[in-house]
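**Student:** Requesting a structural model of the entry that follows:
(3 chains, ligands or ions: 2)
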Amino acid sequence: MPKIKSLDELRNLRSQLKQEIKARTETSTTITVGMGTCGIAAGAREIMQAFLDELDRRQIDAHVVTTGCIGMCSKEPLVDIQQGDGPRITYGNLKPNMVPQIIEEHLIQGKVVSKWTVGQLAKEA
Amino acid sequence: MADLYRADVLISCLHGQSADLAPTFRQEIERRGMAGEVRVVETGCRGFCSVGPVVSIQPDGEFYVNVQPADVPEIVEETLVKGRPVQRLTYKEPTTRKSITKYDDIPFYGKQMRIVFRNTGLIDPQSIDEYIAVGGYEALGKVLTSMTPEEVIEEVKKSGLRGRGGAGFRTGRKWESTRKAKGDVKYVIANGDEGDPGAFMDRSLMEGDPHAVLEGMAIAGFAVGANQGYVYVRDEYPLAVKNLNLAIQQAHEYGLLGEDILGSGFAFDIGIVRGAGAFVCGESSALMQSLEGKVGEPRSKHVHATDRGLWDRPSCLNNVETLANIPVIMLRGAEWFASIGTENSKGTKGFCLVGKIRNPGLIEVPMGMTLKEIIYDIGGGPPRGRKVKAVQTGGPSGGCIPTSRLDLAVDYETLSQAGSMMGSGGMIALDDRTCMVDISRFFLEFLKDESCGKCAPCREGIKRMLEILTAISNGDAKMGDIDTLETLAKTVQAASLCGLGKSAPNPVLSTLQYFRQEYEQHITEKFCPSGVCRSLVAYVVVDDKCKGCGLCIKVCSQESIAGSAKQPHVIDQATCIQCGACFDACRFDAIQVIPRSQVELLPKQEVHA
Amino acid sequence: MNGDRVNQIIDAYGGDRTSTLAMLQDIQREYNYLPREALELIARRLELPPGHVYQMATFFKAFSLSPKGEHICKVCLGTACHVKGGAIILEALEREFKVKSGSTTADGKLSVEGVRCLGACALAPIVVVDDEPHGQMSSDTSIKLVQEVVSGQVAKAPAPAEVKPAVVRAAVDLSAVPPAG
Ligand SMILES: Cc1cc2nc3c(=O)[nH]c(=O)nc-3n(C[C@H](O)[C@H](O)[C@H](O)COP(=O)(O)O)c2cc1C
Ligand code: FES
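**Tutor:** Ligands and ions are numbered 1, 2, ... in the order given. Coordinates of the predicted model:
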């Protein structure tokens, strides 16, 4: 990684990164698993594995990323799914056996499995 | 070397109809004479199957859905030749999504305001790129290139920011003292010890947005004139240590820590030190002793750490949440920050709202919100059928605020006046199944274990108070004991060396202030109405309420409950351990807590297992 | 205990007295307790009175002076877990596995202990088995979980990645450090 030598370079890097992240999220599906300590305590590791396995099985190329604690600890494990520049849909209280259905309905058929959702995070302006 | 292309056309979803898409693109690109410039790549499924074949064009990121071979000439013409998107093919949000509640409409989030926890749960904490993309290190850059240390301190003072570690010391003033202290070597220390049992904001912050803490520390270093910082992290937080470590490494690789940061000549480095499980090490002088590799015993406070702290050098200790506020203040300005909150408490505060509540979790609210709003609107109130009895804030140094005073606003002064304190941010809802004597006893037991033993009032006083509380909850106390307890509490408060002892009596004093009659009931009636102090209570089934559903039989770990379906069940008092699991499980309020002394008066019942 | 390994740990910190705490943490991690010989070795190598090292080893809760079991079960007794019945779970485990809190079963398979808050209070009560936290536990689920782990039905979670703590001394100019003692 090259060193950033000035504030301008930092700003350039920022806009470049913003572009890259935008391109990544807008052209793909991003699955974000909450992996703070509370997430892990509620079983996030198994959920993450279930997503990876199912995506692999179906040969779907989505970004699976982790994040920290969003605060709704009682609904952990929490997983956000964002497709393109759409909203980030949050699913809560997940169990590994729910994962195939979410992938089938949300990713493949484009229907949010609303009975398991917690909410949606509107896109930043 | 790989060939360089001006653009890539990425085609995905190759299961279905898109088999002809790639050849069509290649032909069209060839026809337009761009074969050496634009590459066509077939990628795997991207999980957008509902919108058919998907084409994205990099590096600009145009994204087209449901692309048919017939669309290809238009895409090539418009996007690749003229650089314009083809509107009709761009991705639109399916309407089904509209029905899902927005975060802001969920009461849990609607009332919150996220400044410190702006990124946790949204960005990947293990990626500095994501932090930079959301504006990270911009504040550090601004400070280093356009402000003097004095201006930074002035800005922090104007913002009204106060320490989030408990006592609420004014951050700007602490920085100023450190800046003014004599000495070439100074230190910035971030307190991530989070000793309050029942709080985890600092953990979430360090795990979820470690760069925010590092950036705040670097700005503090610049302001006070330090080139070295340490983060002291609680032993029980391995993930926080890992993420912070990674963050420091990444910041070094980008040159955002180390020598000559952003060409300003300012050098700053940060090390991580793990605690080893001692609550008192969260106290500033004990923390510094522990950083020096010694036993963490507090020193007396006639010298300030800002003059002589770590290795007797001027040291500025701040809580990690305090530090995470700094970048935002620097970017958005002191005035904006000072416009949030109350007269004397500015900004927001993160709380761990836990205990007997429906939506426990990590919240951040503007200062000045009432406890009622927090407990009922955000937390959703107590679980089914229960009543909120009190709210405990401030951890072992704080106190319990009764329901009758829930309209109190959350700020430093108001909470202290009510006999509790802001503390680091634990907020525990207690319901009518929580016994106040037991809560006091719980905290004193904790503090007895954690007292370092250096000064007698704390070491001995806490032990004696705990003995009295234990006697009360066992039914062995007499009326005068409450007075002794109070006298002891006041002595410990007045005579202890450090903050641990000085605040240790708070849980006792505040529960005595608001729930004295509950203490008295334990002594005179030998009864604990919450059913917690086990030697004073018994659980019995109320026959005409019991539907014989068998739920209590299932939850009883002692197998002390018997009864056949639809017949009133019976609890065997000889084997019952009064854990109360049946009481909590029963949906028909058919289990009752009675004084232990009344068990003999019960009609003899046969228990068939 | 392997004296070479302890020497390696001491050397990793340059045999520096101000890193005593970090050395003890590494030894604790390596052996799950602080063997007496290791403490004596540290005292000798760092030229500290043995009592000084012993004081550190007993002051901090992260250290144990006796060996722990093959599996370690920690029950949270922090405030949130206390009000949700953490103590009752601990008692149930004590009864079921015939082991007192803070000690190890006779066969050396299992240690049970109470700890103060693991930082996942919203999911109280919390039970940690072999470094893997589990939320919203009850007496029954805890007993079942521990049984599964002890009988080897559940693989031990992989150890968290090794983190190298900062050597605090490195950034300090040595003249500022007061002599030990
Ligand atoms: C017994 C005791 C324990 C403390 N524990 C912590 C702690 O865990 N985290 C913390 O930030 N401050 C803790 N403090 C407060 C610190 O001494 C210190 O005031 C604080 O870290 C300063 O940071 P601030 O000004 O940003 O609040 C504790 C104080 C006492 C007396
Ligand atoms: S109180 Fe148990 S995890 Fe915090």
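
**Student:** In the stretch 101-250 of chain B, what residue lies closest to chain A?
**Tutor:** Distances between the stretch 101-250 of chain B and chain A by C-beta to the nearest C-beta are smallest at residue B:208, namely 2.0 Å. Placement of C-beta: from N, CA and C, glycine included.

**Student:** what about that residue, distance to residue B:350?
**Tutor:** Here the criterion is C-beta to C-beta, to the nearest Å. By it, residue B:208 lies 11 Å from residue B:350.

**Student:** In chain A, what residue lies closest to chain C?
**Tutor:** residue A:73 (3.2 Å).

**Student:** Test for you: state the pLDDT assigned to that residue.
**Tutor:** Predicted confidence (pLDDT) for residue A:73: 84.

**Student:** dump the residue contacts of it.
**Tutor:** Neighbouring residues of residue A:73 by C-beta atoms under 8 Å, 6 or more residues apart in numbering or on different chains: A:38, A:42, B:360, B:361, B:362, C:120, C:122, C:123.

**Student:** got those residues as CSV, with secondary structure and neighbour count columns?
**Tutor:** Formatted as CSV, those follow (DSSP: H, G, I helix; E, B strand; the rest coil; neighbours: other C-beta atoms under 10 Å in any protein chain shown):
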residue, secondary structure, neighbour count
A:38, helix, 35
A:42, coil, 28
B:360, coil, 28
B:361, strand, 26
B:362, strand, 31
C:120, coil, 32
C:122, helix, 29
C:123, helix, 27
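
**Student:** Pull the contacting residues for the residue in chain C positioned nearest to chain A.
**Tutor:** Going by C-beta to the nearest C-beta, chain A is nearest to residue C:122 of chain C, at 3.2 Å. Shown here is residue C:122, whose contacts under the criterion C-beta under 8 Å, 6+ apart are A:38, A:73, A:74, A:76, B:200, B:352, B:353, B:354, B:360, B:361, B:362, C:80.

**Student:** Excluding covalently adjacent residues, which one is nearest to it?
**Tutor:** residue A:73 (3.2 Å; C-beta to C-beta, 6 or more residues apart in numbering or on different chains).

**Student:** What distance do you get for that neighbour to residue B:55?
**Tutor:** Distance from residue A:73 to residue B:55, by C-beta to C-beta: 40 Å.

**Student:** do the same with residue B:334
**Tutor:** Distance, residue B:334 to residue B:55, by C-beta to C-beta: 48 Å.

**Student:** ok, residue C:120 touching residue C:132?
**Tutor:** No - applying C-beta atoms under 8 Å, one finds residue C:120 not in contact with residue C:132, separated by 11.6 Å.

**Student:** Low-confidence ranges, the chain, go.
**Tutor:** Here I'm looking at chain A. A:1, A:122-125 (pLDDT under 70).

**Student:** my question was about chain C
**Tutor:** Ranges of chain C meeting pLDDT under 70: C:154-181.

**Student:** Of residue B:334 and residue B:55, which one has the most company?
**Tutor:** residue B:55 (27 against 19; other C-beta atoms under 10 Å in any protein chain shown).

**Student:** The more buried one contacts residue B:75, doesn't it?
**Tutor:** Yes - Residue B:55 is in contact with residue B:75 according to C-beta under 8 Å; the separation is 6.9 Å.

**Student:** Those residues of the stretch 151-300 of chain B touching chain A, which are they?
**Tutor:** B:200, B:203-204, B:207-209, B:237, B:239, B:250, B:253-256, B:262-263 (C-beta under 8 Å from any C-beta of the partner chain).
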